[in-house]
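*Asks:* Turn this into a model:
(chains A and B)
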Amino acid sequence: MTVDKQTLQDVLARSLVKGIDLADIFVEEWQTMNIQMRNNMFKSITPAGQKGAGIRLVKGLETYYCSTGDLDTDSLMTAAGEVAGMSKLEPAGRSIAIGEHKQEAFELADSTFTLPLADKLAYVQQGNDFAWNYSDKVVQVIVSFSEYIRAIQLLNLDGHWVKENRNIIEFRVSVIVKDQGKSFMATEGFGAYDDVTVFQRRQPDQVAKDACDLALRMLYAKPSPAGEMPVVIGNGAGGTGAVFHEACGHGLEADFQRKGISVYRNQLGRQVASPLVSIIDDATIPRRKGSFKYDEEGTPGQKTYAIKQGVLNTYLTDRINGKDLDRYTGNGRRENFRYPPVPRQSNLYVDKGAHKKDEIIASVDKGLYVKRVGGGIVDSAKGDFSFNVLEGYLIEAGKLTEPVRGAVLTGNGPRVLKEIDMVADDLELGNGMGGCGKVNQFVPVDMGCPTLRIPRMIVGGTGSK
Amino acid sequence: MAELSNAQIINEVLSHGFDGCEVYRLESKNTNISVCHQTLELLDRQTEKGVGIRFFKGKRVGFGHLDNFEQTNVLNVIKTIYAVIDNLPEQEDTILAGKQVSDAKYHAKSPDNPFYDPEIESIPLSAKIDKVKAVENAAFAYSDMVRVSRVASYEEAIRSVHIANSNGLDVRYLQSKWRAMYIVIGGTETQRQMKTAELGGIFFRDFTAQELGREAAKKAIISAGGQAIPSGEMTVLLHSKAANQIFSRISNGFVGDTVDRNMSIFKDKLGRQIAVPQLTIVDDPLMPGGYKSSAYDDEGIPCQKVVLVDKGVLQSYLYSLTSAKKNNTQPTGSSRRSSYRAQPTASLSNLYVEKGDMSPEDMIRQIDYGLYFYNALDVRATNLVSGDFSINGDGVLIEKGKLTKPVTTVSIAGTIPEFLNRITCIGNDMTFEPIHPFFGGGNVASPTIMVTPLVVGSS
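*Replies:* Numbering: from 1, shown residues only, chains lettered A, B, ... in the order given. Just a heads-up that it's a prediction; the model follows:
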């Protein structure tokens, strides 16, 4: 890290003005490598680097922010002077004493990512070759590897100094299979706050095989029935947690509450979901993509019960929006030094219940089992959502029967949470392939849920009921 | 630490054994303002800089990017690319622009530079903040049904771009760009809608705050208290902003790079009638004050006005250097990058549908029974390969020439050729609107469009 402690202190002190509630300097340096294969060829091998600092002054709900891509002392001092000037407040003329010093979030076996580039290329090649050789129905294979090696540090007005390494590895294999005029695209992979040992736990061959198997299974699936029916959402291993992240999680973010946008506005202490439903945001789970020791304004990452047995317990807060609620849940996150933090989810999931998966499936006479979902859209003012079902199966007479394709789940977040009537004990988080965008900022997250039943839901599809 | 100029970077690249190289460098001073319920939520100023480097070795092309120009970092990227470039495929058609040196006026902070507002940097921040607040005030003054602001925002960038390559190309340009956006929630207490309106341009004086606020307010309340209507074929009047969204999406089918990937229904349709003779679509990157206006494209080729569809006949695609070479034609100066972190590809600039004669009010009067489709919710379900589209939205029912009942959760569906060939009337109104790249991109303007008939469904 090229910015030392003394410089941080001096720069932050230069920015201080009278009457502010909060001030911090956030510094980061990161390197990335993206590798992609397509059409059986390497398409891109792109190294990149970024560094910079952002200085923030907060007074009530007002934020003054200045960022720079230069980390030399002169540039930092200039930015500090500029942000002080923007606030139009009188200089405070005080210094910052440093209190605590924390370092290293999670113990990574190889936090330096010393894996040679040739090995990374070999992993990608391995996934590619496996998929192309797996079936003659495979007509396209896209394999990508990304790594982000990111070091951040933050010093705030209270002298709280935090340093953390945030390293993320992503690997995915997409295959398109075609037969008899039908085609299907499936993607498998993972994204994790992890080191290269992740490839021992999840080998490229296996990822490619899973993608191919899924694509071939769904290729011949018949169209999903449409209409109102019971829906069983499979556990989060298939990315199904996205439904709750999008349709409920965003409504729990404290800025949406404060502004009166959230469907959960002014509902603290009220029953907003079935008593079977607890929703937890947990930044402390090792190796997960949404995990962190400290959020990007220095508050420790936590396990937070946002909804406990159906009762709204807290919103997810940052420093600005947590003030009136008198609660800091460590959800102040930013994509990078260009942005001030806003309330964001980390790893949000529906907690496990007491039912068994088999028991839930057996309870449905005729319905849809949703194992995997893809992209969705949510209208956050209304809580309405729609998600494409990437992998779905019919439930007939209490048994999973055949795969169906093309189903679209539509519903209303708050209503669905109230209607959930069975929750299993098989909680899983997702594979970390997704991320989350809000106000132009993209942050890594994970999400999850156990198998659960929604007694009535509108399923869009092209088949008959 | 030593910072390298573009010429020095090119020399370093060539001396490491590459045959050619292109450097795209951005230096930008950005200002962002966010207001919510008259509170200045964010005032943000940043200096942004970065460089994207394309490396050529034989027919292989590598790419790397950095957010600084420091020698050690640049050398690190050069060495990494050199180590891997033989793994990359040969690319027959990817070439560098030929020698070209830009006119100095395009890099000057002077009134001679048509792409720079000489006033924008001297207007005080407080005046800009007041204008953002005025957006919000205009919306709340418009109707009691405007309920909650999410954010009113203004982004401004003073961008200096320098593109150089090993063929001797040396193009520099300076631009000012601003973009304002308002997200507001309106409707009844139980039926709320969140809607967005956007504006963008070069000259700060074109930031019409009242108009932006009212536009967002109208969008948010137009279908308040509405219901679904029976499905069926009917005349659909597309509000100009909904038409903007749809033409942004469809016009991606005119992008040469999309056509080359077999991803467009307009492939092999040059010279053919693809729409009614009333329809003319133009892409004009030289338009005065346009949000996407520029003297040069992002490979250094001079920008030009391109008539894509002339009286219903497909005249041209938008070409980057690569897609032009692949199609054995000249580039149209349409190559753009989303940032220095991305490689160039052809995309829309300021795209518009030529106006007709009739006012939207007169168009409504002509319709006996139909749907005024005011807001398009999500145009991504418009498939440029199959041509099918199905777009959710909301609006107002038209009966006997009058707007009668608000309509929510409605969709319009059909195929792109049906849509283009069933246009019966084009209005005399239009406003340019920057469209998010996620939905199609470009700074797009379409008049109000009447289509007879389209399938209307309740979604």
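*Asks:* does residue B:245 count as helix, strand or coil?
*Replies:* When classified by DSSP: H, G, I helix; E, B strand; the rest coil, residue B:245 comes out as helix.
*Asks:* Which pLDDT does the model give the residue of the stretch 351-459 of chain B found nearest chain A?
*Replies:* Nearest to chain A, among the residues of the stretch 351-459 of chain B, is residue B:378, at 5.9 Å (Cβ to the nearest Cβ). Where you see a C-beta, it was placed from the backbone N, CA and C, and this is true even at glycine. Looking at residue B:378, its pLDDT stands at 78.
*Asks:* hang on, it packs against residue B:389?
*Replies:* No. Counting by Cβ atoms under 8 Å, residue B:378 stays clear of residue B:389, with 11.1 Å between them.
*Asks:* With neighbour numbers in mind, choose between these two.
*Replies:* residue B:389 (23 against 16; other Cβ atoms under 10 Å in any protein chain shown).
*Asks:* all strands for the stretch 351-459 of chain B, in order.
*Replies:* Per DSSP state E, counting those that start in this stretch, the stretch 351-459 of chain B carries strands over the ranges B:369-378, B:388-399, B:402-415, B:423-426, B:433-434, B:443-445, B:449-458.
*Asks:* Low-confidence regions, the chain specifically.
*Replies:* Went with chain A since none was named. A:1, A:100-114, A:461-465 (pLDDT under 70).
*Asks:* try chain B instead
*Replies:* Checking chain B against pLDDT under 70 turns up B:1, B:459.
*Asks:* Show me the helices in it, by range?
*Replies:* B:6-15, B:71-84, B:125-142, B:209-221, B:240-251, B:256-260, B:321-326, B:360-365, B:416-421 (DSSP state H).
*Asks:* could I get the ones you listed as a markdown table with distance to chain A and mean neighbour count?
*Replies:* Converted to a markdown table, the helices of chain B look like this (distance: least, Cβ to the nearest Cβ, whole Å; neighbours: other Cβ atoms under 10 Å in any protein chain shown):
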| stretch | distance to chain A | mean neighbour count |
| --- | --- | --- |
| helix B:6-15 | 14 | 17 |
| helix B:71-84 | 4 | 18 |
| helix B:125-142 | 7 | 19 |
| helix B:209-221 | 9 | 23 |
| helix B:240-251 | 14 | 25 |
| helix B:256-260 | 14 | 23 |
| helix B:321-326 | 14 | 22 |
| helix B:360-365 | 26 | 17 |
| helix B:416-421 | 20 | 18 |
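*Asks:* between these, which gets nearest to residue A:361?
*Replies:* Ranking these by proximity to residue A:361 (Cβ to Cβ) places helix B:240-251 first, at 40.2 Å.
*Asks:* helices and strands around that closest one, which ones?
*Replies:* strand B:281-283, strand B:350-353, strand B:369-378, strand B:388-399, helix B:416-421, strand B:443-445 (3 or more Cβ pairs under 8 Å, 6 or more residues apart in numbering or on different chains; DSSP states H and E).
*Asks:* Name the residues of the stretch 151-300 of chain B found near chain A, please.
*Replies:* Within the stretch 151-300 of chain B, the residues that sit near chain A (Cβ under 8 Å from any Cβ of the partner chain) are B:151, B:185, B:191-194.
*Asks:* Can you pick out the most distant pair from the residues you listed?
*Replies:* It's B:151 and B:191 that sit farthest apart of these, by Cβ to Cβ, at 21.8 Å.
*Asks:* Look at the two and report which has more neighbours.
*Replies:* Neighbour tally, residue B:151 and residue B:191, criterion other Cβ under 10 Å: the higher count belongs to residue B:151, 21 against 16.
*Asks:* show me the contacts for residue B:319.
*Replies:* B:256, B:327, B:329-332, B:334, B:346 (Cβ atoms under 8 Å, 6 or more residues apart in numbering or on different chains).
*Asks:* quick one, phi psi at it?
*Replies:* phi -110, psi 140 (degrees, to the nearest 10).
*Asks:* how far away is the closest residue in space to residue B:49 that isn't next to it in sequence from residue B:10?
*Replies:* Of all residues not flanking residue B:49 in the chain, residue B:27 sits nearest, at 4.6 Å (Cβ to Cβ, 6 or more residues apart in numbering or on different chains). Computed as Cβ to Cβ, to the nearest Å, the residue B:27 to residue B:10 distance reads 18 Å.
*Asks:* And for the residue of the stretch 301-450 of chain A at minimum distance from chain B, the neighbour number?
*Replies:* Proximity of the stretch 301-450 of chain A to chain B (Cβ to the nearest Cβ) peaks at residue A:381, 3.8 Å away. Close neighbours of residue A:381, defined as other Cβ under 10 Å, add up to 26.
*Asks:* cool, residue A:167 as well?
*Replies:* 22.
*Asks:* And for residue B:178?
*Replies:* Residue B:178, neighbours per other Cβ under 10 Å, totals 22.
*Asks:* Look up which residues are beta-bridged to it.
*Replies:* residue B:156, residue B:201 (DSSP bridges).
*Asks:* any idea how far it is from residue B:371?
*Replies:* 35 Å.
*Asks:* Residue B:334 now?
*Replies:* Relative to residue B:371, and taking Cβ to Cβ, residue B:334 is found at 35 Å.
*Asks:* hmm, who's touching stretch A:35-47?
*Replies:* Contacts for stretch A:35-47 (Cβ under 8 Å, 6+ apart): A:31-34, A:117, A:120-121, A:124-125, A:128, A:132, A:140-146, B:62-65, B:76-77, B:80-81, B:84-85, B:87-89.
*Asks:* Show only the entries of those residues found in strands.
*Replies:* Of those, the ones assigned to strands by DSSP state E are A:31-34, A:140-146, B:62-65.
*Asks:* In contact with residue 251, which residues?
*Replies:* Assuming you mean chain A. A:262-264, A:380, A:383, A:413-414.
*Asks:* actually it's chain B I care about, not the one you picked
*Replies:* Taking Cβ under 8 Å, 6+ apart as the test, what residue B:251 contacts is B:281, B:283, B:308, B:348, B:351, B:440, B:442, B:444.
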